[in-house]
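Novice: predicted structure and sequence below. I'll ask about it afterward.
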Amino acid sequence: MVLRLAEGYMAIFGFSNVYYLLGVFLAMRGTATPAQIGGIMGAFYAAQTLCRPFAGQVVTKIGFRRAFAAGALLCLAGSSAFALTGSSVQWMLCWRILMGIGSSLYVIALTTYQTLGIPDSIRGSAFSLICAGGIVPLVTFVPLADFFLRQGWTEAYAWFVPLIALFAFFCGLRLPELEIPRKEGEKRDERLLALAAKPEIRVLLVSVTLFSMTDACLLAIGGVASSRGLFPSLFLTANAAMGLLIRIAGRKILDRLPRRQMAAPAIALTSLSLFAGSFTDNNLTYALCGIFFGFAMGLGFPLHMALIGDVAEPHQRAAVSSLVWFAMGACFFLVPTLLGNLSGFLGTAGAFRILTVLLFASSFGVFFLWRSRQSLWEPHW
């Protein structure tokens, strides 16, 4: 089951990661202005984020197999239509929104499935290995898509994505059906706002939001590096390589150490790595900062996924998964907005450093929040 879930992560993250190069593809075709390209790329993430609070309810109602099939088929239809669309920006926006809805449904179904299907005793190590699948596309699908574009094979790039969606469809079908627990007589408890108000779930949402803000800072690290004469991709490559390594080789760490006490150090190390990376003028040191970031991110992401199962009752996990993914997605809108406003009077590097310092300081608050809840829960290790 673990390897099949990892395949699912590889497929759905590969689907979205290959579109990191969408701007290059559209520029090569000359079908959109830079502003329109930004809107086309952003439409996917906007739809993805806005759908996440409701995707858990859909998964609960239709079941996992239908959710996987529906999500993958929406991605397949949207990406195929996108490949066939000519220069119409409106239709490209439409198909990107459709893809965002499909990928959101698929991801929430995957997360809920693993929180219910993986035993508590191996939740940390299993989640780490499963989440490693989400990094594999960065060293497989994305370089291949980049090769297509560098060769000028834009049609090959456009139709590569529907093939990945088809792969996601079969990955979902390979997973056995799993019953989603329902608790009768507690409908109010299932409402998203009611769940978010629960102390232990609220702490998780605060923790995952701050952690995801450090992840979203990667959107700006390249610009900071370029201004200092560094290779922007070094940090990202080092991060991906270390993240993949730690999720495979170090996956048992999350079973052996208390997960709730590891959340704050993960936030602290990612923010410190970003802060240090903004000061270096040496590519080697810059890559080293990326390695430390990848170490913390490689543990921190599956850690927060595992915490869903630690703090939520089985019948709540679909809804809590939706809330967690919504918080993560919202950070990729919040961080660029904050940095853009701060850059006006602090400069790009200054704004970046202030935000990472604030995130580092917040890790101490997260530590005490998790510690205050510790006595109320039975440990899972």
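Specialist: Right, received. Where do you want to start?

Novice: below-threshold pLDDT in the stretch 201-350 of the chain: ranges please.
Specialist: Within the stretch 201-350 of the chain, the set of residues satisfying pLDDT under 70 comprises 232.

Novice: would you state the helices of it in chain order?
Specialist: 218-227, 233-249, 253-256, 259-277, 283-311, 317-374 (DSSP state H, counting those that start in this stretch).

Novice: list the buried residues of the fifth one.
Specialist: It refers to helix 283-311. 286-311 (16 or more other CB atoms under 10 Å). Heads up, the C-betas are built off the backbone N, CA and C, glycines and all.

Novice: again with the fourth one
Specialist: Of the residues in helix 259-277, those buried under the neighbour-count criterion (16+ other CB under 10 Å) are 259-260, 262-277.

Novice: do the third one as well
Specialist: Residues of helix 253-256 classed as buried by neighbour count (16+ other CB under 10 Å): 253-255.

Novice: tell me the average confidence for the helix or strand containing residue 9?
Specialist: Taking DSSP states H and E as the criterion, residue 9 maps to helix 2-18. Mean pLDDT, computed over helix 2-18, is 91.

Novice: quickly name whichever of the buried residues of helix 253-256 is closest to residue 106.
Specialist: Distances from residue 106 to the buried residues of helix 253-256, taken as CB to CB, are shortest for residue 254 (23.8 Å).

Novice: ok, the closest residue to that closest one other than its chain neighbours - how many residues close by?
Specialist: In this structure, residue 254 finds its nearest non-sequential neighbour in residue 124, 2.6 Å apart by CB to CB, 6 or more residues apart in numbering. Other residues lying near residue 124 total 29 when counted by other CB atoms under 10 Å.

Novice: same question for residue 177.
Specialist: Close neighbours of residue 177, defined as other CB under 10 Å, add up to 10.

Novice: which residues touch the closest residue to it other than its chain neighbours?
Specialist: With CB to CB, 6+ apart as the criterion, residue 177 has its nearest non-adjacent residue at 5.3 Å, and that residue is residue 65. Residue 65 is in contact with 172-173, 175, 177, counting by CB atoms under 8 Å, 6 or more residues apart in numbering.

Novice: switch the cut-off to 10 Å
Specialist: 109, 172-173, 175-178 (CB atoms under 10 Å, 6 or more residues apart in numbering).

Novice: do residue 98 as well
Specialist: Counting by CB under 10 Å, 6+ apart, residue 98 has contacts 43-44, 47, 74-75, 77-79, 81-82.

Novice: and of those residues, the nearest to residue 359?
Specialist: residue 44 (25.7 Å).

Novice: residue contacts, that closest one?
Specialist: By CB under 10 Å, 6+ apart, the contact list for residue 44 reads 16, 19, 22, 78, 93, 95-101, 103-104.

Novice: now swap in residue 51 and tell me
Specialist: When contacts are counted by CB under 10 Å, 6+ apart, residue 51 touches 58, 97, 100-105, 107-108, 322, 325-326, 329.

Novice: now those in a markdown table, with distance to residue 241, secondary structure and neighbour count?
Specialist: Listed next are these as a markdown table, based on distance: CB to CB, whole Å; DSSP: H, G, I helix; E, B strand; the rest coil; neighbours: other CB atoms under 10 Å:
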| residue | distance to residue 241 | secondary structure | neighbour count |
| --- | --- | --- | --- |
| 58 | 36 | helix | 20 |
| 97 | 33 | helix | 18 |
| 100 | 28 | helix | 26 |
| 101 | 32 | helix | 20 |
| 102 | 29 | helix | 27 |
| 103 | 25 | helix | 28 |
| 104 | 28 | helix | 29 |
| 105 | 30 | helix | 29 |
| 107 | 23 | helix | 26 |
| 108 | 28 | helix | 28 |
| 322 | 31 | helix | 27 |
| 325 | 25 | helix | 25 |
| 326 | 29 | helix | 26 |
| 329 | 25 | helix | 22 |
